[in-house]
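*Asks:* here is my input; please provide its structure:
(chains A and B)
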Protein chains: 2
Amino acid sequence: MHDKNLKIRCWIEMDQAKFFGPGRARLLELIEELGSLSKAAKAMNMSYKKAWDMVQDLNNRGSKPYVHLQKGGKDGGFAELTPHGSALLQKYRELDHHLQGISKSQEDLLNLI
Amino acid sequence: MHDKNLKIRCWIEMDQAKFFGPGRARLLELIEELGSLSKAAKAMNMSYKKAWDMVQDLNNRGSKPYVHLQKGGKDGGFAELTPHGSALLQKYRELDHHLQGISKSQEDLLNLI
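*Replies:* As a prediction, this is how the structure comes out:
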């Protein structure tokens, strides 16, 4: 018996380049949860530099900043989502939750595999 | 003004490996339309070998063949979807159509970008 799965992914492109998707959503979730970019990066097995670059790219290309970084301190400073960042994360999660529900309802399609 | 798009993609994995998604759906569509694997490959800017390998992978790993290939003839033979292949393509298209409708309704999310 084979293991069969329907995957549905969503992401936002800006000017034909990826801007926000599952990876960045996870990073924002972890920033929200842990209050620290270095801890969030570690939890994703990602270098601090890569996580920092992601946040910079989001903040620079978006209409308003999504993450507020405060330098210094033993953990490389404090990080938190701005209200704009929280709103983006919440909307993205709602959509993703809806899509994962659709994915679970596609037995007819998987039966053709 | 930036160009912002929400992308939603779906694909089927079998045993954790991609089995069917947008590329293979397009190949089946073109086989259905053109009746030839070489013409379908050409329309996708894909080598005949790559298209042939895709069809073999689908037919071998699926529960039943999706594409029937008849060798010979000036166009490298005739190709058509089996009823099973038509059914898979139709179900996948329906789901994709539904997802593209959802994608177009996410203005709230795009307004946060």
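*Asks:* now whatever helix or strand A:I8 lives in against strand B:4-14, angle please.
*Replies:* Using DSSP states H and E, the element containing A:I8 is strand A:4-14. Interaxial angle of strand A:4-14 relative to strand B:4-14 (axes from the mean of the first three to the mean of the last three CA atoms, to 10 degrees): 160 degrees.
*Asks:* helices and strands around strand A:4-14, which ones?
*Replies:* Packing partners of strand A:4-14 (3 or more CB pairs under 8 Å, 6 or more residues apart in numbering or on different chains; DSSP states H and E): strand A:17-20, helix A:83-104, helix A:107-110, strand B:4-14. C-beta here means a position set from N, CA and C on the backbone, and glycine is covered the same way.
*Asks:* low-confidence regions, chain A specifically.
*Replies:* A:72-76 (pLDDT under 70).
*Asks:* could you pull out the buried residues of stretch A:30-44?
*Replies:* By 16 or more other CB atoms under 10 Å in any protein chain shown, the buried positions in stretch A:30-44 come out as A:30-32, A:34, A:36-44.
*Asks:* from B:R9, how far out is A:M14?
*Replies:* Separation of A:M14 from B:R9 (CB to CB, to the nearest Å): 17 Å.
*Asks:* repeat that for A:A17.
*Replies:* A:A17 is 16 Å from B:R9, by CB to CB.
*Asks:* among these two, which residue is more densely surrounded?
*Replies:* Using other CB atoms under 10 Å in any protein chain shown as the criterion, A:A17 and B:R9 rank with B:R9 on top: 14 against 9.
*Asks:* wait, the more buried one sits on B:P22?
*Replies:* Yes. Counting by CB atoms under 8 Å, B:R9 does reach B:P22; the two are 6.3 Å apart.
*Asks:* re the thing from before, closest one of the buried residues of stretch A:30-44 to chain B?
*Replies:* Comparing the buried residues of stretch A:30-44 against chain B with CB to the nearest CB picks out A:E32 as the nearest, at 15.4 Å.
*Asks:* next, the contact list for that closest one, please.
*Replies:* A:80-81, A:86, A:89 (CB atoms under 8 Å, 6 or more residues apart in numbering or on different chains).
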